[in-house]
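Colleague: can you look at this prediction? I've put the sequence above it.
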Amino acid sequence: MSKWRNICRCKICGDIIESKTVHNYVECSCGACFTDGGTDYCRRGWDPKYGGVDDVIENIVCKVGEKYEGEDEIRSQGNIYTRSKSNS
């Protein structure tokens, strides 16, 4: 069974965020959305002040070990976030 990367793009700020391990909560820089769970589970959320989920989150579908279209270019621009942010 293939595992999928837990990765999405915030439609508000354009950040691409990726949760790499279980309980790795990652939020975009504007705080409009988050992803969590690494490859074990996928939990996503968003701030409803920006609208519904389809207004805020773009899912990026990619298997573990593969790159999505344009990943190298985006990574070179520094717009991929994989670090956890504190909930405090």
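Modeller: That came through, no problem.
Colleague: going forward, measure contacts between C-alpha atoms and count neighbours the same way
Modeller: Fine.
Colleague: ok, and what's touching stretch 26-43?
Modeller: 3-8, 10, 12-13, 15-25, 44-47, 50, 56-57, 81-85 (Cα atoms under 8 Å, 6 or more residues apart in numbering).
Colleague: again, 6 Å this time
Modeller: 5-6, 15, 19-25, 44-47, 84 (Cα atoms under 6 Å, 6 or more residues apart in numbering).
Colleague: now, which of these sits nearest residue 64?
Modeller: Using Cα to Cα, residue 5 is the member of those that lies nearest residue 64, at 5.3 Å.
Colleague: give me the number of residues near residue 49?
Modeller: Burial of residue 49 is recorded as 8 neighbouring residues (other Cα atoms under 10 Å).
Colleague: next: residue 42.
Modeller: Quick note: residue 42 (other Cα under 10 Å) scores 16 neighbours.
Colleague: what's the pLDDT at it?
Modeller: Model confidence at residue 42, given as pLDDT, is 94.
Colleague: check the spacing between it and residue 70 real quick.
Modeller: 22 Å (Cα to Cα, to the nearest Å).
Colleague: does the residue most central in space within the chain have beta-bridge partners, and which?
Modeller: Residue closest to the mean C-alpha point of the chain, counted by Cα atoms, centre = their mean, is residue 17 at 3.0 Å. Beta-bridge partners for residue 17, by DSSP bridges, are residue 8, residue 81.
Colleague: tell me where the longest helix sits in this protein.
Modeller: In the chain, with assignment by DSSP state H, the single longest helix is helix 71-77.
Colleague: measure the residue nearest to the centre of the chain to residue 62 for me?
Modeller: 13 Å.
Colleague: just the pLDDT for residue 50.
Modeller: 96.
Colleague: check residue 83 too.
Modeller: Here the pLDDT value assigned to residue 83 is 54.
Colleague: make residue 1 into 18 and carry on from there
Modeller: Sure thing, new numbering starts at 18, so read that last one as residue 100.
Colleague: residues near residue 91, how many?
Modeller: 13.
Colleague: revised request: answer the last question for residue 83.
Modeller: Applying other Cα under 10 Å, we find 10 residues neighbouring residue 83.
Colleague: that one in helix, strand or coil?
Modeller: Using DSSP: H, G, I helix; E, B strand; the rest coil, the structure places residue 83 in coil.
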